[in-house]
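> this one's sequence-less:
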């Protein structure tokens, strides 16, 4: 019986993280899948979202800025605004450069954020991290806190999916695909390419910030250690590519698939002989890397490839 | 309608366009000819906002628009096509056209989220217009084909089609007839004439096919080495010794026996 409950709890834990990663992957799909904007700083947006809501909603503490004890909803909204502004700032800085430089700029931002979280103790409590982040639905249904929170995450995932899928099917998404296909022709078709790019990047950043915020309220304790880039950036990229870049359903499927496999590798590496255990982390990344190679060789466009959207007016 | 006033563009030491001046009259089909490297496409790039002039003014209805971004010029009614077709390869032929109309409600994030009904109504109108253009260009059969799979000639037609999806006033066509068979060429020529007469588009056309230029264009402007060499009717141009030397001389017999088509 205990084993059954344990397994169920593990399932809820797994599903919650999948929901959170699903939101982040949808965000990357807007940036990369729709628009072809390369973001290698996903971890940074995720972390900034988590820290903003942590500082906004936790109780006052001498070890970091705030906390301000705001309601969770306010914290999550602030996290989305904050990451949106961060995305906007990166776009404005790189706007005069070629798009490839955006990728480099995002790596730089990710590194700045990582070092900032570690070293700006007054703001983030440094390596000690921020504890006591409230869980919003605690006690709403007594005894089912984890399940209720899973409901919150899945509702957020559904909302993000619907919002982003609608944009994809709307003329907005069509313009972004056009920009991705041929920037010059998009300009000749009278589109303000820069503006559309910024919109896509900011919306994607906000989804990543939302994911980070939901993560913070889920784990209730965050520290710089939790935002190492192989977790966020690398995994989210694999999720999108495996699931199907440019396809929102594919992004969610990819999140499910990769997170289950990623968690599965933990079980495998847990059973390795002792002298291998120290290398377990690297081995897991290696396994995901091999998996990505296999996907790219056999299903180049992912599990659910991009398809032209159904007409919206029929 | 458009006045090009002492416009220059230098790339390093190369004077691609050098102190170039001429007018494009409203309602005209102005031909722009000249040997390869004469600066025609660079000039087009500047007219459409893709290249910033090093010096000079470009007046559109008396207003200096030199250095404006392409999308601003598009909204002022100035549209260009490309020498090598620039289609959206992974999008369908229909989508290639539907993307063009400016100020679609559904291009705004907020409108797409909260005013879906309006977005949908507009989409219906945009689709109807795109279907009309496809029919006009005989492209209905490839409506749902990915544009990257179209033939070279069909892509040329699609380039032209893009200019028909907006209320353009001036259309700059960069070699609409290049690499196109005679039948299709006649079709494109017919389309240009129809748009000029029925919709009142002003055209400026870069083209190497002298038959096409002779049939469509008046006046014809000749460029060589970044400068305007001559302008006038095709008959006048053909007689101009400088033109014959710089351009036609290299391609045809300097004194064609019967003044026939040069090609």
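Done, it's in. What you see is a predicted model, and the numbers here were worked out from it, not measured in a lab.
> neighbours around residue 9, how many?
Because you didn't say which chain, this covers chain A. 12 (other Cβ atoms under 10 Å in any protein chain shown). Backbone N, C-alpha and C define where each C-beta goes, glycine included.
> nope, chain B please
When counting by other Cβ under 10 Å, one arrives at 22 neighbours for residue B:9.
> cool, and residue A:226?
Per other Cβ under 10 Å, the neighbour tally for residue A:226 reads 18.
> then the one 10 residues further on?
When counting by other Cβ under 10 Å, one arrives at 29 neighbours for residue A:236.
> residue B:62 too?
Applying other Cβ under 10 Å, we find 7 residues neighbouring residue B:62.
> residue of the stretch 1-150 of chain A with the smallest distance to chain B?
residue A:30 (10.6 Å; Cβ to the nearest Cβ).
> pull the contacting residues for that residue.
A:164, A:167, A:200, A:203-204, A:207 (Cβ atoms under 8 Å, 6 or more residues apart in numbering or on different chains).
> same question for residue A:68.
A:55-57, A:60.
> of those, just say which sits nearest to residue B:31.
Nearest to residue B:31 among these: residue A:56, at 65.2 Å, using Cβ to Cβ.
> please name the nearest non-neighbouring residue to that closest one.
Closest residue to residue A:56 apart from its sequence neighbours, by Cβ to Cβ, 6 or more residues apart in numbering or on different chains: residue A:75 at 4.0 Å.
> please name the nearest non-neighbouring residue to the residue of the stretch 101-250 of chain A found nearest chain B.
Nearest to chain B, among the residues of the stretch 101-250 of chain A, is residue A:190, at 3.0 Å (Cβ to the nearest Cβ). Among residues not flanking residue A:190 along the chain, residue B:74 sits closest, at 3.0 Å (Cβ to Cβ, 6+ apart).
> surely residue A:291 touches residue A:238?
Yes: look at residue A:291 against residue A:238 with Cβ atoms under 8 Å: they come within range, at 7.5 Å.
> what pLDDT is listed against residue 189?
In the absence of a named chain, this looks at chain A. Residue A:189 is assigned 94 on the pLDDT scale.
> correction: the question concerned chain B.
Note on residue B:189: pLDDT of 92.
> ok, the one 10 residues further on next?
The confidence metric pLDDT takes the value 90 at residue B:199.
> quick check, residue B:176 in a strand?
No: under DSSP: H, G, I helix; E, B strand; the rest coil, residue B:176 falls outside any strand and is assigned coil.
> would you mind giving me the confidence score for it?
Residue B:176 carries a pLDDT value of 90.
> also residue A:222?
Residue A:222 carries a pLDDT score of 93 in this model.
> so who does it touch?
Applying Cβ under 8 Å, 6+ apart, the residues near residue A:222 are A:47, A:50-51, A:54, A:129-130, A:133, A:215-216.
> and if we set it to 7 Å?
By Cβ atoms under 7 Å, 6 or more residues apart in numbering or on different chains, the contact list for residue A:222 reads A:50-51, A:54, A:129-130, A:133, A:216.
> next helix or strand past the helix or strand where the residue nearest to residue A:190 lies?
Element membership of residue B:74, judged by DSSP states H and E, is helix B:70-75. Downstream of helix B:70-75, the next assigned helix or strand under DSSP H and E is strand B:78-80.
> following that following strand, which helix or strand shows up next?
Reading on from strand B:78-80 to the C-terminus, the next helix or strand found by DSSP H and E is helix B:93-98.
> other SSEs contacting the helix or strand harbouring residue A:77?
Assigned by DSSP H and E, residue A:77 belongs to helix A:72-94. In this structure, helix A:72-94 packs against helix A:42-57, helix A:100-119, helix A:193-219, with contacts taken as 3 or more Cβ pairs under 7 Å, 6 or more residues apart in numbering or on different chains; DSSP states H and E.
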